[in-house]
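Q: please find the sequence and the predicted model below.
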Number of protein chains: 2
Amino acid sequence: MSTPTALSGSSNHQIRLASRPVGLPTRANWNFTTEPVAEPGPGGVLVKTLYLSLDPAMRGWMNEGKSYIPPVELGAVMRAGGVGQVIASQNPAFAVGDYVNAGLDVQEYCRIPEEQIKRSGIFKIDPGLGLTPWLNVLGLPGMTGYFGLLDVGLPKTGETVVVSGAAGAVGQTVGQLAKLKGCRVVGIAGGRAKCDWVVNELGFDACIDYKAGEVKAGLKEHCPKGVDIYFDNVGGEILDLVLTRITRGARIIICGAISQYNNTTPVKGPANYLSLLVNRARMEGIVVFDYADRYPQAIAELAGYLKAGTLKSREDVVQGLDTFPETLLKLFSGENFGKLVLQVAPA
Amino acid sequence: MSTPTALSGSSNHQIRLASRPVGLPTRANWNFTTEPVAEPGPGGVLVKTLYLSLDPAMRGWMNEGKSYIPPVELGAVMRAGGVGQVIASQNPAFAVGDYVNAGLDVQEYCRIPEEQIKRSGIFKIDPGLGLTPWLNVLGLPGMTGYFGLLDVGLPKTGETVVVSGAAGAVGQTVGQLAKLKGCRVVGIAGGRAKCDWVVNELGFDACIDYKAGEVKAGLKEHCPKGVDIYFDNVGGEILDLVLTRITRGARIIICGAISQYNNTTPVKGPANYLSLLVNRARMEGIVVFDYADRYPQAIAELAGYLKAGTLKSREDVVQGLDTFPETLLKLFSGENFGKLVLQVAPA
């Protein structure tokens, strides 16, 4: 057990939710606060934030009302997962210097109490694989892609898998994993650069540029036998177009709907949902937390692919805690290229 | 084998699809024709139509374009399933006088060729249970309800099942079967009379009158633990309201969307479909034909309940082939009370 490091005098910069946004969040929705860095409590640890994961789901957490997890309270530090380093520990399982993955929130230092450690709310990571992949293919997005594709999608060799947000965190895991499982994989991403990368670097069979308006023709061209599995991260018009191309018994995994998160009008429901009837197909939602007891198995498999070079992990790293409000918006404009990560301190 | 009955001189009145409707079908979409009654071909039978099944799916068959079965061609006799009596037979499996269930189409006499008999496109029925139940709980609607509820819905004792079109053919089967399987059952139907019947005669726990605008409040009141299974025959606003009340792991069976079939604007997609994500729920389509090899097992079970009086079958019988164009519309106004059947000849 390490002796607690005295941090008196150090300050912890934090970003708190000041108000609930209507449409896209703006800087006015956030409060920048500073408080002294706290010592870890009995059985707890203190973690210095290195990288924070910026995710589309964050937009949902900013809304009032019950979802799959409670909203962030007004005045609270914004919720975020991250990778950090233990700088003080009163828990024998963690030593100063350990790299960890945990809910660190949008702040420079995070105190993790003993009860959070007990319910596996923090775990040590192997920095030998890099740090940012632990927020990407080895993190929650990777787990989401892994269990969504394998447990909900049930891919079979030779089937055609389409994934939207293909260059994003979940999308790159889904597509590469589907290739490893012997599927034909077609991505949908925004812009030629992302599409080229998805095909040339990740090995997808094709990638459709939705920003070039290619979705309808692209699906027809690249999915000549139809779509057996659609992993949907975007919703909206793209979901509707894919629904017109599904095969009998197709599986549609509803992981997200980033195109709809900043709507100020009602969500656009999939007008072509009766294609589910005609094709005896299934549309099913996934929330990654349900698979928590199987994360170690999934991480072991994905880490094996990473080491072998058969799986790649690309992160788009932006510097500086204070850029958080604007950096988050890159997700909704599709500006990020790879999993969006905020670097809070030098690693 | 029966000797063919000479029917020369008799005429067969038929109703043919003259044009494809936009919105609700009108009399102008139909052609009334008459042709001589044909003798059965070698190995075939000739059936006199007694009752025809009028179903919401018919509206879809009138549209151009591929669906789960091909559309009715312009100029063809309108497709319909029915119950009739064999009046001439050149097939040893069928005797004159046998009651049968088959695709008879909207006409007075139907010639069933040998190849249709070989692919089980006609089967003998037991008139001891009545004739019209063979178009209702013992017919395709019953099969749809049986396999949709049991195979797709996977009901467990104590779960809450909601079914729309509760007084219709599929709805009455689903609700009564769910009660027999130990579920709490809440129907949705149009008008107080239907709702009362569903509760008092069929034994549902409650029934919500959608025409009285009770759906939102009714779901809250009658499904205090949420909706585990929703069997959807109607789509539209009701589907969206149910989506706000589903439980974690809920199953939504997409059987039809009668509220949308006569739209001249695009189908209204379920705006609340992201409830599938939050609740890890599933929406899945069913087409009854996929279960054809298991119809005999389902019919045996349902016939057993009918004989025991634990299952009821209510049909709304309208007289006269010539009333077909107007009678069909009762489905879309919700005027029919029970499974809609057209009586073509006295039984």
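A: Yep, it's here.

Q: run through the residues of the stretch 151-300 of chain A sitting next to chain B.
A: A:235, A:240, A:254-257, A:260, A:266-287, A:290 (Cβ under 8 Å from any Cβ of the partner chain). Glycine gets a C-beta too; all of them are placed from N, C-alpha and C.

Q: contacts for stretch A:14-26 next, please.
A: By Cβ atoms under 8 Å, 6 or more residues apart in numbering or on different chains, the residues outside stretch A:14-26 that reach it are A:28-35, A:59, A:62-64, A:72-78, A:105-108, A:262-264, A:321, A:324-325, A:328-329, A:332.

Q: and it, C-alpha only, in PDB?
A: In PDB, the C-alpha atoms belonging to stretch A:14-26 read as follows (Å, rounded to 0.1, in the frame of the first residue of the first chain):
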ATOM      1  CA  GLN A  14     -13.400  20.700 -13.400                       C
ATOM      2  CA  ILE A  15     -16.100  21.100 -16.000                       C
ATOM      3  CA  ARG A  16     -19.700  21.000 -14.700                       C
ATOM      4  CA  LEU A  17     -23.000  20.900 -16.400                       C
ATOM      5  CA  ALA A  18     -24.500  24.400 -15.900                       C
ATOM      6  CA  SER A  19     -27.800  24.000 -17.800                       C
ATOM      7  CA  ARG A  20     -29.500  21.500 -20.100                       C
ATOM      8  CA  PRO A  21     -28.900  22.200 -23.800                       C
ATOM      9  CA  VAL A  22     -31.500  22.600 -26.400                       C
ATOM     10  CA  GLY A  23     -30.000  21.300 -29.600                       C
ATOM     11  CA  LEU A  24     -26.300  21.400 -29.800                       C
ATOM     12  CA  PRO A  25     -24.500  22.100 -26.500                       C
ATOM     13  CA  THR A  26     -22.700  25.500 -26.300                       C
END
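
Q: circling back: of the contacts of stretch A:14-26, just the buried ones, PyMOL syntax please.
A: In PyMOL, this line selects whichever of the contacts of stretch A:14-26 come out buried by 16 or more other Cβ atoms under 10 Å in any protein chain shown:
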select buried, chain A and resi 29+30+59+62+72+77+78+105+106+107+108+321+324+325+328+329+332
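
Q: among the residues of the stretch 151-300 of chain A next to chain B, which ones are buried?
A: By neighbour count, with 16+ other Cβ under 10 Å, these hold A:235, A:240, A:254-257, A:260, A:267-287 as buried.

Q: now, which of those residues lie within strands?
A: Taking DSSP state E, the ones among those that sit in strands are A:254, A:282-285.

Q: ok, A:Val198 touching A:Gly191?
A: No - at 10.6 Å, A:Val198 does not count as touching A:Gly191 under the criterion of Cβ atoms under 8 Å.

Q: what residue in the stretch 201-347 of chain A comes nearest to chain B?
A: A:Gly269 (3.1 Å; Cβ to the nearest Cβ).

Q: give me every residue that touches the nearest residue to that residue once chain neighbours are set aside.
A: Excluding the flanking residues, the one nearest A:Gly269 by Cβ to Cβ, 6 or more residues apart in numbering or on different chains is B:Gly269, at 3.1 Å. By Cβ under 8 Å, 6+ apart, the residues touching B:Gly269 are A:240, A:268-273.

Q: and what of A:Tyr295?
A: A:Met143.

Q: helix, strand or coil: sort out it for me.
A: Following DSSP: H, G, I helix; E, B strand; the rest coil, A:Tyr295 is assigned to helix.

Q: that older thread, A:Val198 and A:Gly191: which is more packed in?
A: Applying other Cβ atoms under 10 Å in any protein chain shown to A:Val198 and A:Gly191 shows that A:Val198 carries more neighbours, namely 28 against 16.

Q: what about the more buried one, which helix or strand?
A: helix A:192-200 (DSSP states H and E).

Q: who does that helix touch, helix- and strand-wise?
A: Judged by 3 or more Cβ pairs under 8 Å, 6 or more residues apart in numbering or on different chains; DSSP states H and E, the packing partners of helix A:192-200 are strand A:184-189, strand A:206-209.

Q: next, name the residue at the spatial heart of chain A.
A: A:Pro141 (3.7 Å; Cα atoms, centre = their mean).

Q: what sits against the nearest residue to it once chain neighbours are set aside?
A: Nearest non-adjacent residue to A:Pro141, counting by Cβ to Cβ, 6+ apart: A:Ala169, 3.3 Å away. A:Ala169 is in contact with A:55, A:135-137, A:139, A:141-142, A:145, A:338-340, counting by Cβ under 8 Å, 6+ apart.

Q: one more time with 6 Å
A: A:136, A:141, A:339 (Cβ atoms under 6 Å, 6 or more residues apart in numbering or on different chains).

Q: phi and psi next, for the first one.
A: The phi and psi values for A:Asn136, taken as degrees, to the nearest 10, are phi -120, psi -110.

Q: contact partners for it?
A: By Cβ under 6 Å, 6+ apart, the neighbours of A:Asn136 are A:169, A:313, A:315, A:339.

Q: give the helix, strand or coil label for whichever residue of the stretch 51-200 of chain A sits closest to chain B.
A: Per Cβ to the nearest Cβ, A:Tyr68 is where the stretch 51-200 of chain A lies closest to chain B, at 4.8 Å. Under three-state DSSP, A:Tyr68 falls in the coil class.

Q: neighbours of it, how many?
A: 17.

Q: settle this for me: it is touching B:Leu277, isn't it.
A: No - when contacts are counted by Cβ atoms under 6 Å, A:Tyr68 is not listed as touching B:Leu277 (7.5 Å).
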